[in-house]
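>>> Test case, fold it:
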Amino acid sequence: MFRFGGGLVVTWRKIRSYAKRHLIFRIMKSGPKGQHILFDESHTWPDNFLVLKNIDAEYFTSVLHPRDRFLESHAFNSRYLVRGSNVSVDTITGVVSLENGNFLVESSSWCKQDLELNVVHKSRNFGRVITSNADNSLLPSNGFYHWLLEDLPLYLKLQKVKRQEGILFNTFVYNGAPKYVIDFLNWMGVDVKFLPRLASFGELDFITRGDDAGWPRCEDVEILRDTFSPLFHPKKPTKKIYIPRTKASRSPSYEIELTNILAANDWTILYPETQSLIEQIQIISEAEVLCGVHGAGLAGMIWMEGSAKVIEISRETLGRACFARLANICGLNYFWISDMSKNVDELFEVISKLSEPETMGN
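Next comes the predicted model:
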């Protein structure tokens, strides 16, 4: 009954979010003045948040966009360990809400505009407050790409800081968390406490975020590789792995045929949905080539060696270059293929050519 009630709350907020998006769209059409009112980035840090310590320094990075070869840049903000008092949290997204109904932008990697337009983010669940003698932390349950590259590194950093200080802390997780979240917790031996989607805390510790969605940080990839390095295959990588989306969403019409051709030519077809997180890491660490349609499965490139190759196939004009940026951080040879022709034989030939040992990426 409680879950049913919680589902109605989320459904209502989705409906309200869609209505809000429509209203915002109409206001934006009024011109620059309306846009300025909607997206004023001024932000005051609430009184009930205490900055405990600095975690990461700010820095600036640049990388060539794989489509048009223009240099694109991004500034990463400093990140801080923060303690919030009397806060409410969406345990899926990790977005923190205040009693006045506002949300804390620093609790998400998405910018304020995206939160306003796309996320059911405001909990306002200030009923039963969770308290304990130990420090409280939350591991969100976002989609795989955002969980692996944005949520998990910050949880691991917080865990490292607490252990160095000899502090015991509680880990809370959404009670409908995806399998990869549970796989991680079981592998690490974390004693976890489960929560409904909307929960409130007397105190909650977390690490702040910047507007970094789609821009992986070097130090986050480093802590992920350090943590999971015992799972990496010790031998020289030799496998060619294709990750299809045929069991997920956004699979192109030609993908089943392409998958069959690749399998017949000694490619390993990896379905992440059928493998544990641990098995995925072990298999992908053996890859000398990783290929797939634009999707979260390509985030597994962080388990590969620096000389390996990543081939991304895109149905789009590739406005999102997150995997090119990630490959750049990992030191991998990255290639982008446009599949506009949808000719499977030609697509296979291009993939085969790019997979040859002498081919170098950009």
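>>> With only the CA atoms kept, save stretch 313-333 in CSV.
In CSV, the C-alpha atoms belonging to stretch 313-333 read as follows (Å, rounded to 0.1, in the frame of the first residue of the first chain):
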residue,chain,number,x,y,z
ILE,A,313,27.7,4.0,-33.8
SER,A,314,25.2,6.8,-33.7
ARG,A,315,21.8,7.3,-35.3
GLU,A,316,22.0,10.9,-34.4
THR,A,317,24.1,13.9,-35.5
LEU,A,318,26.0,13.2,-32.2
GLY,A,319,25.3,16.4,-30.4
ARG,A,320,26.2,14.4,-27.2
ALA,A,321,29.9,13.6,-27.2
CYS,A,322,30.1,12.0,-23.7
PHE,A,323,31.8,8.8,-24.9
ALA,A,324,34.4,10.7,-26.9
ARG,A,325,35.2,12.6,-23.8
LEU,A,326,35.4,9.5,-21.7
ALA,A,327,37.6,7.7,-24.2
ASN,A,328,39.9,10.7,-24.1
ILE,A,329,40.2,10.5,-20.3
CYS,A,330,40.9,6.8,-20.5
GLY,A,331,43.5,7.2,-23.3
LEU,A,332,41.7,4.9,-25.7
ASN,A,333,41.5,5.1,-29.5
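>>> what about the spatially most central residue of the chain, which SS state?
The residue lying closest to the centre of the chain (C-alpha atoms, centre = their mean) is residue 146, at 0.8 Å. Following DSSP: H, G, I helix; E, B strand; the rest coil, we place residue 146 in the helix state.
>>> same thing with residue 221?
helix.
>>> Tell me how many other residues crowd it.
Around residue 221 sit 18 other residues, with neighbours defined as other C-beta atoms under 10 Å. For every residue, glycine as well, the C-beta is placed using N, CA and C.
>>> Ok, the one 4 residues further on next?
Other residues near residue 225 come to 13 when the count uses other C-beta under 10 Å.
>>> got it, and residue 349?
Around residue 349 there are 11 residues (other C-beta under 10 Å).
>>> and what of residue 184?
Neighbour tally, residue 184, other C-beta under 10 Å: 23.
>>> again, but for residue 352
14.
>>> and what of residue 173?
22.
>>> The residue nearest to the centre of the chain is in contact with residue 109, isn't it?
Yes: counting by C-beta atoms under 8 Å, residue 146 touches residue 109, with 7.0 Å between them.
>>> count of neighbours near the nearest residue to residue 76 once chain neighbours are set aside?
Distances taken as C-beta to C-beta, 6 or more residues apart in numbering place residue 59 nearest to residue 76, at 5.4 Å, with adjacent residues excluded. By the criterion of other C-beta under 10 Å, residue 59 has 13 neighbours.
>>> Over to residue 195?
19.
>>> For it, give the beta-bridge partners.
residue 174 (DSSP bridges).
>>> and if you look at the one 5 residues further on?
As for beta bridges, residue 200 partners with residue 88, residue 129 under DSSP bridges.
>>> Distance check, it against residue 93.
15 Å (C-beta to C-beta, to the nearest Å).
>>> okay, the two: which has more neighbours?
The neighbour comparison of residue 200 against residue 93 (other C-beta under 10 Å) goes to residue 93, with 24 against 20.
>>> what's the burial count for residue 76?
18.
>>> Who are the contact partners of the nearest residue to residue 169 once chain neighbours are set aside?
Excluding the flanking residues, the one nearest residue 169 by C-beta to C-beta, 6+ apart is residue 135, at 3.9 Å. Neighbour list for residue 135: 162, 167, 168, 169, 170, 203, 205 [criterion: C-beta atoms under 8 Å, 6 or more residues apart in numbering].
>>> Those residues in strands, which ones?
Within the contacts of residue 135, residues falling in strands by DSSP state E are 169, 170, 203, 205.
>>> Could you report the neighbour count for the second one?
The tally of other residues near residue 170 (other C-beta under 10 Å) stands at 18.
>>> Just list whatever residues bridge to it.
Beta-bridge partners, per DSSP bridges, of residue 170: residue 136.
>>> where do the contact lists of residue 146 and residue 109 overlap?
Common contacts of residue 146 and residue 109 (C-beta under 8 Å, 6+ apart): residue 213.
>>> hey, where'd the helices end up in the protein?
2-28, 32-38, 112-118, 144-146, 152-164, 179-188, 218-228, 255-264, 277-284, 322-330, 344-355 (DSSP state H).
>>> can you list the weak-confidence ranges in the stretch 201-350 of the chain?
For the stretch 201-350 of the chain, applying pLDDT under 70 flags the ranges 316-319, 341-342.
>>> try 80
235, 248-250, 315-320, 339-342 (pLDDT under 80).
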